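*Asks:* Starting from these lines, generate the structure:
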Amino acid sequence: MSRFLRLLFRSVTYTRWLHLCIPVLVYAVWLFTFPSGPMVLVPFLFPLLLGLVPSVRTAEGLQARLMLVREERDVPQSSITVGPAASWTDRWRTVLWLETRAVLAVATAFATVRLPMFTVDLVRVAGGSAPGEVFLSPVTGPRWLYWALAPLPLLALPVVIIGLGGLVTAVARRLLGPSAAERLAALEARTELLLEHNRIARELHDSIGHALTIVVVQAGAARAAGDVGFTERALAAIEETGRTAMDDLERVLTVLRASGGRNGPRPTLAEADRLLDSARASGAQVDASLTGALDTVPGPVSREGYRILQEALTNVLRHCGPVPLRVRVAVMDRSLEMKVTNPLPAAVGRTRVGSGLRGIRERAVLLGGESRSGPHEGSWKVCVKLPLDGIR
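*Replies:* This next block holds a predicted model:
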């Protein structure tokens, strides 16, 4: 009972009733023009033609969303779509919707007009007057019975209006809702969005984490050195690292703002020297070997390879400090191979599993490659192999 009373005072109940009455108003204008003859039934044939027009589905969807499911007007994943019919199945669903709406409109008009008339006739009979056109048979029985029955049609009217409104809303969700192809497209879009957010999280972790690690190592080394010249070089490296991190952060924030602008270019392995110089500026001795044409590596592999190398170097500096490093990057015929090796001090645990190594594995797997990391003969080694032939 309480639910019925809440529905009775909700504005959507009456917008649904108005939605059901709109076809009746259109039909009334038609009857005024053609009051008799076979032309009276012509409006019921219109849905067969209108429903086949793709844009009609858009108009009906907008009207249904505004008047039947008002709470979903600003919801991206609404139960009623507003796109045009993209297939013949959608068109026939629109035809069925228009026919169903016409039938429910007739039922609504009958209830809206006849139920109050029925109450008037009951009052007339109870008062001793002749009934109107509602009663088709002679009136018998005591007058008090008609007085008692008179309020019932008026009480039934809101029940009928609420019931028909709920029925037309359910039918609209069924026939004007997204098709299987539209649901699949929405799912793919959502998947792409989640993948993009995951990529942005990795970007922030790699670029900002690398920059902060360099800054911490440089600041600690400058404080411990007590050399003015070294301190100046450390401050210059911190400044350069900070600028690079700010550029990366601004590029990622541009994506998050969804401003519609194009993202700035992401770094590639052709700029790997910048990572190596940054590690050297932190005090690490870097033995690097870059073989092969790095500028010919496909864009996705080159960009992700840069981030993988960045994260590998960051892990070394974060967990082991400025220790000697051995970096090998080789462009083969069908693959890109990268190895980063560093001594594993006794004070450092032999198992280092964190978000950095997990990010390296995720990047490698997304490109169809493989990643291995772990202790090896007193050192820590990260090995990554990415395919090239399947990416071009």
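*Asks:* what number of residues lie near the nearest residue to Lys381 once chain neighbours are set aside?
*Replies:* Leaving aside its chain neighbours, Lys381 sits nearest to Thr341 (4.8 Å; criterion: C-beta to C-beta, 6 or more residues apart in numbering). All C-beta spots, glycine's among them, are computed from the backbone N, C-alpha and C. Neighbour count for Thr341, taken as other C-beta atoms under 10 Å: 20.
*Asks:* hey, where'd the helices end up in the stretch 201-350 of the chain?
*Replies:* 228-257, 272-281, 299-320 (DSSP state H, counting those that start in this stretch).
*Asks:* Least confident of the ones you listed, on average?
*Replies:* Note on those: helix 228-257 shows the lowest mean pLDDT, a mean of 71.
*Asks:* Now do the buried residues in stretch 93-103.
*Replies:* Arg93, Thr94, Val95, Trp97, Leu98, Glu99, Thr100, Arg101, Ala102 (16 or more other C-beta atoms under 10 Å).
*Asks:* Mind putting those residues into CSV with distance to Thr81, pLDDT and secondary structure?
*Replies:* Converted to CSV, the buried residues of stretch 93-103 look like this (distance: C-beta to C-beta, whole Å; pLDDT from 0 to 100; DSSP: H, G, I helix; E, B strand; the rest coil):
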residue, distance to Thr81, pLDDT, secondary structure
Arg93, 11, 89, helix
Thr94, 11, 90, helix
Val95, 16, 89, helix
Trp97, 12, 90, helix
Leu98, 16, 89, helix
Glu99, 19, 88, helix
Thr100, 17, 90, helix
Arg101, 16, 89, helix
Ala102, 21, 86, helix
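*Asks:* and of those, the nearest to Pro345?
*Replies:* Nearest to Pro345 out of the buried residues of stretch 93-103 is Arg93 (C-beta to C-beta; 68.3 Å).
*Asks:* so who does the closest one touch?
*Replies:* Ala85, Leu175, Leu176, Ser179 (C-beta atoms under 8 Å, 6 or more residues apart in numbering).
*Asks:* before we move on, the earlier item: most neighbours per residue, which of the helices of the stretch 201-350 of the chain?
*Replies:* Among the helices of the stretch 201-350 of the chain, judged by mean count of other C-beta atoms under 10 Å, the one packed with the most neighbours on average is helix 299-320 (a mean of 23).
*Asks:* what's the offset of it from the middle of its chain?
*Replies:* Relative to its chain's centre, helix 299-320 lies at 30 Å (C-alpha atoms, centre = their mean, to the nearest Å).
*Asks:* who does it touch, helix- and strand-wise?
*Replies:* When contacts are defined as 3 or more C-beta pairs under 8 Å, 6 or more residues apart in numbering; DSSP states H and E, helix 299-320 packs onto helix 180-225, helix 272-281, strand 325-331, strand 335-343, helix 355-366, strand 379-387.
*Asks:* Is it possible to get TSV of the ones you listed that adds distance to Ala28?
*Replies:* Listed next are the helices and strands packed on helix 299-320 as TSV, based on distance: least, C-beta to C-beta, whole Å:
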stretch	distance to Ala28
helix 180-225	35
helix 272-281	76
strand 325-331	77
strand 335-343	74
helix 355-366	62
strand 379-387	70
